[in-house]
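Q: pasted the sequence and its predicted model underneath.
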Amino acid sequence: MSAEEKNVIIKTRDLCKTYNGKLVVDNLNLVIDEGEIYGLLGPNGAGKSTIILMLLGLTEPASGTINVAGFNPTKEPLKVKRITGYLPEKVGFYEDMTAKENLAYTAELNNIDYKLIPKKIDEVLEIVGLSQNKNQLVKQFSKGMKQRLGIADVLIKDPKLVIFDEPTEGLDVEVANQILDTIINLNETKKITFLLSSHQLNLIQRICHRVGILSRGKLIGEGKIDELGRKLFGGGRYRIEVEVSEPSQQLFEKIKALPEVINIEQNQNVLDIVSDKDLRSTISRIVTDSSIILTKMNIKEYALEEIYLKYFKEEQS
Amino acid sequence: MRSILTVYRKELADYFSSKKFIILLALVYVAALSSVYVSLQNIREVAKATEEHVFLRLFTTSGDILPSFITFISFFIPIIGIIFGFDAINSERASGNLSRLLSQPIYRDSVINGKFLAGVTTLSIIVSSIVFIIAGIGLRTIGVPPTSEEILRIFMFIFISICYGTFWMGLSILFSIIMEKTTASILVSIAIWLFLMFFLPIIANAIANAMAPLEGATLSTQLKNYSIEHGILRISPSTLYSESIVTLLVPTGGHFLLRPVLTSDVEKMLLKPLSLGQSLIQIWPQLIVIIALAIICFAVSYIIFIKQEIRST
């Protein structure tokens, strides 16, 4: 990371919010650097959306301070909203208008010069791959297309920061992955910072630089995914299960000697290997070289889900 | 400021291209044209009696079966207002457009101001276009040009009608802010309209008769009965509206609606038309109340909308 990327774009200090006397955001201290993809994870009702609304100045905090790109969203919401794109969980468009008309409306609300609007629209539709559907009515769009149009809609204002509430909600895996790829692409090419909120960890974990795990308005864990995993499980990111015809001490030692292997356990015919890398090809070579038959091999990446479940178990106990 | 104009332009375009606008416009035009047709059939008879304000009679003459234009319009204006406002905010919220809109760099009131102005504009276009069409048809067929006073009265009539429509629109926008479902907001608006239009007269009549029975009543009891009934009826803006437009468009005797007059007195009176100034003085209170109600509805909607918490769901 270069020094420039370390500029902080979002910073909250002791942020609290109550709804009807119930504390929904509890002393939140969130710091997000410029250029990051940050995943805010937590079950429904953990306070994710409330945090987002406060960051945008759409809801006022009960106490604490917020700073978004140097502005206070409560006092200067317009300045924050000028550089921040927000894609709500249930993104909606005017169904009786075309994609182009919807984007033109957003562009005008953002005070973009009339002459530049058509060019800008073509540009953002190209990025999300909807150029063909420019003049189509939004009511004919699928859920995934609407989500992509939503990305185009936030890109039209050239945001520094994009806040995306549940980006993959209600999409099938393939479409969700397309959306996530677009996010990575934008993060790399346009240096846009992303704050994603989600409860679909398995999809999100692939693209987040850092995640924060939220429970009842509190940040209970934060960091890079493998760091979080290591902290919790005391081990690497991958678990490889190898089943062989006749395990030998020699094989066990050979695998154990690999520098990437963190831990290995033998359980009759099955070897349980914990490592930081995907070692499947190396292991299968070693097994065949020892003229043993490899009957089965499984790899399990540490899913964020496990991390998450573990956090919640600890939280409850 | 530009953001209000942007919202205004978009909402206006929405109104003009929406099906509800086209259907409503067609309905109002058909009703208005049929009423003017009827009035043209009968206007010669009516015009024989008095020669004054013949042009205005285009709007007030009714036939055997069909009522006059002003009866039609006082029926349709609330409907137009309600239909233009009932889904202003809640449909945006339900479709997920509202939070997207509010995350743009605009003040929150631009949204409601733009929508309101666009509604008032559309309403004004409908009301004035229909009045001008009728005036045009009348001018060609009866061949009597309106006097300048009649023209002023017509403009005043248009103005009051727009204010009255704005009240109903403001009321239904208010419900669209308070209520989540568009079906709920339209039902409540229509229920209020039905109550004021049809049930309030029945209730007013019943209360008046209970408090001052008319059977074998003295003159003062009759007067009391009348005062009670009209006092109650004037709760309703539709009463205020019809009182003011009748006074305005029927300069000769229209203002008798406003207060009790004995038939014996009417016969003794010389039926002279009121001047425009006199008519306006007569309806001044009604006019002020209609405008105030429209402003109150808008102001309350505005405040609730600005203060409303934006929730994600």
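A: Looks like it arrived, so ask away.
Q: return the residues in contact with the nearest residue to B:Phe59 once chain neighbours are set aside.
A: With sequence-adjacent residues excluded and distances taken as Cβ to Cβ, 6 or more residues apart in numbering or on different chains, B:Phe59 is closest to B:Phe69, at 4.6 Å. Any C-beta I mention is one placed from the backbone N, CA and C, and that applies to glycine too. Neighbour list for B:Phe69: B:Ala32, B:Ser35, B:Val36, B:Ser39, B:Leu58, B:Phe59, B:Thr60, B:Ile134 [criterion: Cβ atoms under 8 Å, 6 or more residues apart in numbering or on different chains].
Q: can I assume the first one is in contact with B:Ile134?
A: By that I understand B:Ala32. Yes - the pair B:Ala32 / B:Ile134 is scored as a contact, 6.2 Å apart, by Cβ atoms under 8 Å.
Q: ok, A:Tyr238 touching A:Asp278?
A: Yes - at 5.9 Å, A:Tyr238 counts as touching A:Asp278 under the criterion of Cβ under 8 Å.
Q: show me where the stretch 1-150 of chain A has strands.
A: Along the stretch 1-150 of chain A, counting by DSSP state E, counting those that start in this stretch, strands occupy A:8-19, A:22-28, A:31-33, A:37-41, A:63-68, A:84-87.
Q: can you redo these as CSV with mean pLDDT and mean neighbour count?
A: Listed next are these as CSV, based on pLDDT from 0 to 100; neighbours: other Cβ atoms under 10 Å in any protein chain shown:
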stretch, mean pLDDT, mean neighbour count
strand A:8-19, 90, 18
strand A:22-28, 88, 18
strand A:31-33, 92, 19
strand A:37-41, 91, 25
strand A:63-68, 92, 18
strand A:84-87, 93, 26
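Q: I'd like those strands laid out as a markdown table, including distance to A:Leu258.
A: Formatted as a markdown table, the strands of the stretch 1-150 of chain A follow (distance: least, Cβ to Cβ, whole Å):
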| stretch | distance to A:Leu258 |
| --- | --- |
| strand A:8-19 | 40 |
| strand A:22-28 | 42 |
| strand A:31-33 | 35 |
| strand A:37-41 | 31 |
| strand A:63-68 | 46 |
| strand A:84-87 | 44 |
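Q: how many other residues sit next to the closest residue to chain A within the stretch 1-150 of chain B?
A: Residue nearest to chain A within the stretch 1-150 of chain B: B:Gly96 (2.6 Å; Cβ to the nearest Cβ). Number of residues near B:Gly96 (other Cβ atoms under 10 Å in any protein chain shown) recorded here: 17.
Q: ignoring the adjacent residues along the chain, who's closest to it?
A: Nearest non-adjacent residue to B:Gly96, counting by Cβ to Cβ, 6+ apart: A:Gly92, 2.6 Å away.
Q: separation between that neighbour and B:Ser103?
A: For A:Gly92, the distance to B:Ser103 equals 12 Å [Cβ to Cβ, to the nearest Å].
Q: compare the two (neighbour count), which wins?
A: Set A:Gly92 next to B:Ser103 and count neighbours by other Cβ under 10 Å: B:Ser103 wins out with 27 against 21.
Q: please report how far that one lies from B:Gly143.
A: Remark: distance between B:Ser103 and B:Gly143 (Cβ to Cβ) = 60 Å.
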